[in-house]
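J.: sequence and predicted structure below; questions after.
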Amino acid sequence: MEPSKSLRTATTRKIRVVGVVSVVVVLVLLSANGAESRKQWVFDYFEYSAINCRAHSASLTDFGGVGDGITSNTKAFQAAIDHLSQFASDGGSQLFVPPGRWLTGSFNLTSHFTLYLHKDAVLLASQDEKEWPVIDPLPSYGRGRDTQGGRYISLIFGTNLTDVVITGDNGTIDGQGALWWTKFHKGELKYTRPYLIEIMYSDNVQISSLTLRDSPSWNVHPVYSSNVLIQGLTITAPVTSPNTDGINPDSCTNTRIEDCYIVSGDDCIAVKSGWDEYGIAFGMPTKQLVIRRLTCISPFSATIALGSEMSGGIEDVRAEDILAINTESGVRIKTAVGRGGYVKDIYVRSMTMKTMKWAFWMTGNYGSHADNNYDPNALPVIQGINYRDMVAENVTMAARLEGIAGYPFTGICISNVTIGLAKKAKKVPWTCTDIAGISSGVVPQPCDLLPDQGPEKSVACNFPTDSLPIDTVEVQSCSYWGKYL
């Protein structure tokens, strides 16, 4: 079913940030005898920020979508996107999801495309496993994260795309994950649980201005992709829900994550690049990653985790203006013998932590291998880890830093950090083994493996002053004017 011509409009003007404007006009259609019709056309106009605007538009209702929370819209979504894909070389297209509760299984996106959720639109992930096709495991992992073999495709999925935007006026994507969490705990999963959003092998990606809740597993997973912009997400799940990571950039280059609020049962942000021998063979690092203005609540995991799947390498990560509340650790590096790869050139500054188990945690014995074929001689390189300008309060233990025996983590630098210990804090605030580095202006005094360089070195652990390419990306003001029933 083709959308009406009146739905096709888009305008463009360059700005940095623009708010969402929505104007709704309801036209009551009169029947031939003058009585009011039961159906009402809604004319909607809104503006939003995006990396690119679109020349063609349609509403999900043009393709038979029903927002009653009961009717499956999987076919409607795919029919709409299949139709709109014809405009990829003609100014691109956008699909508008109106107010309503839109039950759906997984669907695939297309290039030069925007999916836009109205502020009162809720995508409800189907509870019917038949609406979740099974796909191959990621080549850099060799198997699913939950089980051997394949994995259920993500709710919103795309691969080999260029210029794709998933956004809205804080519309909601509800994973209805409790069913999946129960199957996970009972060992009833046939395949690895789906994520809410996964974009693979793609370039120029934007995910912004949405609320994501109760994902079956990870929430947002850009993988093997470049030039990724993630902004203004609110992500929530019960803090006891299994593996509900917030945002996991995985073997990606040039990624920017900013202005996000995450409450999670796992790491709020987990930086990854493949698992053991599979990640080593695939050899695609995550690099040039910016994280800023993040708020995290995760009592049993990290604010920012590097690994544990880091076998393709992680480098040049820059995080600043971070707030962690009631979270297990501020920054955690997770690796093990057999991982190979590296974590290097990591910079974190301007972080505030409140009620933490550890401020800093490095683990060289994480374990959790893909299989028994990992190389015991594949030793990870951890070097150039820089933390500065941080304040923490009510912390059980300042740091737990554990490298690998005979293969220490090196180049650790901690400067201008004040950690206030909890009333029932550990008697020894720092434990350090198999590491090497320096410190300056740190309270409480670090372990002997991080010798204090004195006040003259308080400017150590310098944060890079150059800009990454992703920082130069500007958004445009895009608009939509259309109608739906």
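T.: Good, I have the coordinates.
J.: residue 54 is in contact with residue 90, correct?
T.: No - the pair residue 90 / residue 54 is not scored as a contact, 10.0 Å apart, by Cβ atoms under 8 Å. Any C-beta I mention is one placed from the backbone N, CA and C, and that applies to glycine too.
J.: who's more crowded, the two?
T.: residue 54 (25 against 10; other Cβ atoms under 10 Å).
J.: any chance you could map the strands in the stretch 251-400 of the chain?
T.: In the stretch 251-400 of the chain, the strands defined using DSSP state E, counting those that start in this stretch lie at 253-263, 269-271, 286-297, 302-306, 314-334, 342-363, 381-402.
J.: can you lay out these as a markdown table showing mean neighbour count, distance to residue 241 and mean pLDDT?
T.: Putting the strands of the stretch 251-400 of the chain into a markdown table (neighbours: other Cβ atoms under 10 Å; distance: least, Cβ to Cβ, whole Å; pLDDT from 0 to 100) gives the following:
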| stretch | mean neighbour count | distance to residue 241 | mean pLDDT |
| --- | --- | --- | --- |
| strand 253-263 | 22 | 10 | 98 |
| strand 269-271 | 28 | 15 | 98 |
| strand 286-297 | 22 | 13 | 98 |
| strand 302-306 | 27 | 16 | 98 |
| strand 314-334 | 23 | 15 | 98 |
| strand 342-363 | 22 | 19 | 98 |
| strand 381-402 | 21 | 23 | 98 |
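J.: how about CSV for these, with distance to residue 215 added?
T.: Below are the strands of the stretch 251-400 of the chain laid out as CSV (distance: least, Cβ to Cβ, whole Å):
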stretch, distance to residue 215
strand 253-263, 11
strand 269-271, 13
strand 286-297, 16
strand 302-306, 17
strand 314-334, 18
strand 342-363, 24
strand 381-402, 29
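J.: and those strands: which comes nearest residue 189?
T.: Each of the strands of the stretch 251-400 of the chain has some distance to residue 189 by Cβ to Cβ; the shortest is strand 269-271, at 20.2 Å.
J.: for the closest one, packing partners?
T.: Secondary-structure packing of strand 269-271 (3 or more Cβ pairs under 8 Å, 6 or more residues apart in numbering; DSSP states H and E): strand 286-297, strand 302-306.
J.: tabulate these in a markdown table, adding columns for distance to residue 379.
T.: A markdown table is the format used below for these (distance: least, Cβ to Cβ, whole Å):
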| stretch | distance to residue 379 |
| --- | --- |
| strand 286-297 | 19 |
| strand 302-306 | 16 |
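J.: for those, which one sits closest to residue 182?
T.: Going by Cβ to Cβ, the one of the helices and strands packed on strand 269-271 nearest residue 182 is strand 286-297, 23.1 Å.
J.: quick one: the closest one to strand 342-363, angle?
T.: 30 degrees (axes from the mean of the first three to the mean of the last three Cα atoms, to 10 degrees).
J.: in the stretch 351-485 of the chain, where is pLDDT below threshold?
T.: 457-459 (pLDDT under 70).
J.: now the helices for the stretch 101-250 of the chain?
T.: With DSSP state H, counting those that start in this stretch as the criterion, the stretch 101-250 of the chain has helices at 178-186.
J.: strands of that one, start to end?
T.: Using DSSP E, counting those that start in this stretch, strands in the stretch 101-250 of the chain cover 107-108, 113-117, 121-125, 134-135, 151-152, 156-159, 162-168, 171-174, 197-200, 203-213, 220-223, 226-236.
J.: got those strands as JSON lines, with mean pLDDT, distance to residue 277 and mean neighbour count columns?
T.: Listed next are the strands of the stretch 101-250 of the chain as JSON lines, based on pLDDT from 0 to 100; distance: least, Cβ to Cβ, whole Å; neighbours: other Cβ atoms under 10 Å:
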{"stretch": "strand 107-108", "mean pLDDT": "98", "distance to residue 277": "30", "mean neighbour count": "20"}
{"stretch": "strand 113-117", "mean pLDDT": "98", "distance to residue 277": "36", "mean neighbour count": "27"}
{"stretch": "strand 121-125", "mean pLDDT": "98", "distance to residue 277": "33", "mean neighbour count": "23"}
{"stretch": "strand 134-135", "mean pLDDT": "98", "distance to residue 277": "21", "mean neighbour count": "18"}
{"stretch": "strand 151-152", "mean pLDDT": "98", "distance to residue 277": "19", "mean neighbour count": "25"}
{"stretch": "strand 156-159", "mean pLDDT": "98", "distance to residue 277": "24", "mean neighbour count": "21"}
{"stretch": "strand 162-168", "mean pLDDT": "98", "distance to residue 277": "31", "mean neighbour count": "23"}
{"stretch": "strand 171-174", "mean pLDDT": "98", "distance to residue 277": "34", "mean neighbour count": "22"}
{"stretch": "strand 197-200", "mean pLDDT": "99", "distance to residue 277": "21", "mean neighbour count": "24"}
{"stretch": "strand 203-213", "mean pLDDT": "98", "distance to residue 277": "28", "mean neighbour count": "22"}
{"stretch": "strand 220-223", "mean pLDDT": "99", "distance to residue 277": "18", "mean neighbour count": "26"}
{"stretch": "strand 226-236", "mean pLDDT": "98", "distance to residue 277": "25", "mean neighbour count": "21"}
